[in-house]
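Student: here is my input; please provide its structure:
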Amino acid sequence: MTAPTTNQLHQVTCLFIGLISLVSLSAVELPEGYALQYEQSFNSKNSYDDFMMTDSSAWVLKKKKGKQFLALEGKSKYEPPHRSPLNIALIKGKTFGSFVLEVAILQSGVKGTPIAQFMKENPDPTKAGGYAHRDHCFFFGFQDPAHYIYIHVAKTGDNNAHNVFVVNESPRTPITDFRTVGVDWGVNVWRKIRIVRDVAKSTVALYFDDMLTPIMIADDVPFEQGFIGFGSFDDIGWVDSIKIWAPESKTNTQTFFE
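Tutor: This next block holds a predicted model:
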């Protein structure tokens, strides 16, 4: 039997490292005592009823290539009490403290214009209004429309974008301790998001596709218990494959936006 060459050993080593990396990226590392508390794959027409929305007419269940998901299709007719996102869909009936959330997000356009059309109309999108702040938002600790946290994930960061924000009886205020310069949402690309919220440490971290390195961290996060949800400041997007692990979830029948 011929001994493997150095090149063959190198190839096998690279393959092994790649497989280990795939396992690390796909496995959900959960703190002790966490269990799956909520899951939504939008396979049922009743999935829509799991959410309370700032404007239910802006959201639809949509199906493409056999896959059904929750789609934010337009601007919500909603006036928040303070400067904050317009488009919000919160999971009904449950509030969470510490949690690990995973969800698939496709950021589908800018200011209501589908992204493929927007790119066609704007050969240099960096010069087009709204492109830099192309976003999706993730809400948690939502106690009422004047008290909550949200993470704004955008193409480019500044004081008004790509930050962890608090809404606390005043316009949204960034509380981010670390962030990247922004993200590449791509054109009609599903992205995997993970959010890890630790109430005991007052921290939150968000991961974007790469489940090993967070793109955003905040270290002094208020509102220990609240609803979780999805949406956008004023863009559009698709939501699918929601999973939330936590030590517990608390039943809460409060409703908002009606």
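Student: list the contacts for residue 60?
Tutor: Residue 60 makes contacts with 48, 70, 71, 73, as judged by C-beta atoms under 8 Å, 6 or more residues apart in numbering. No exception for glycine: its C-beta is placed from N, CA and C like everyone else's.
Student: mind redoing it with 10 Å?
Tutor: 48, 69, 70, 71, 72, 73, 74 (C-beta atoms under 10 Å, 6 or more residues apart in numbering).
Student: same thing with residue 258?
Tutor: With C-beta under 10 Å, 6+ apart, residue 258 has these contacts: 52, 53, 56.
Student: what distance do you get for it to residue 92?
Tutor: 12 Å (C-beta to C-beta, to the nearest Å).
Student: between the two, which contacts overlap?
Tutor: residue 52.
Student: that older thread, quick one: which of the contacts of residue 60 is nearest to residue 189?
Tutor: residue 69 (13.8 Å; C-beta to C-beta).
Student: most neighbours, which of the contacts of residue 258?
Tutor: residue 53 (22 neighbours; other C-beta atoms under 10 Å).
Student: how far away is that one from residue 229?
Tutor: Distance from residue 53 to residue 229, by C-beta to C-beta: 9 Å.
Student: kindly report the same for residue 187.
Tutor: 25 Å.
Student: re the thing from before, show me which of the contacts of residue 60 are buried.
Tutor: 69, 70, 71, 72, 73, 74 (16 or more other C-beta atoms under 10 Å).
Student: reformat these as JSON lines; add pLDDT, secondary structure and distance to residue 102.
Tutor: Formatted as JSON lines, the buried ones among the contacts of residue 60 follow (pLDDT from 0 to 100; DSSP: H, G, I helix; E, B strand; the rest coil; distance: C-beta to C-beta, whole Å):
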{"residue": "69", "pLDDT": "98", "secondary structure": "strand", "distance to residue 102": "15"}
{"residue": "70", "pLDDT": "98", "secondary structure": "strand", "distance to residue 102": "15"}
{"residue": "71", "pLDDT": "98", "secondary structure": "strand", "distance to residue 102": "19"}
{"residue": "72", "pLDDT": "98", "secondary structure": "strand", "distance to residue 102": "19"}
{"residue": "73", "pLDDT": "97", "secondary structure": "coil", "distance to residue 102": "24"}
{"residue": "74", "pLDDT": "94", "secondary structure": "coil", "distance to residue 102": "27"}
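Student: please identify which of those residues is nearest to residue 40.
Tutor: Distances from residue 40 to these, taken by C-beta to C-beta, are shortest for residue 70, at 8.3 Å.
Student: go ahead and confirm that closest one touches residue 49.
Tutor: No. Applying C-beta atoms under 10 Å as the test, residue 70 and residue 49 come out as separate, 11.3 Å apart.
Student: looking at this, residue 49 is in a strand?
Tutor: No. With DSSP: H, G, I helix; E, B strand; the rest coil as the criterion, residue 49 is helix rather than part of a strand.
Student: contacts only, for it.
Tutor: Residue 49 touches residue 92, counting by C-beta under 10 Å, 6+ apart.
Student: separation between it and residue 98?
Tutor: 27 Å.
Student: please consider this matter closed, and thank you.
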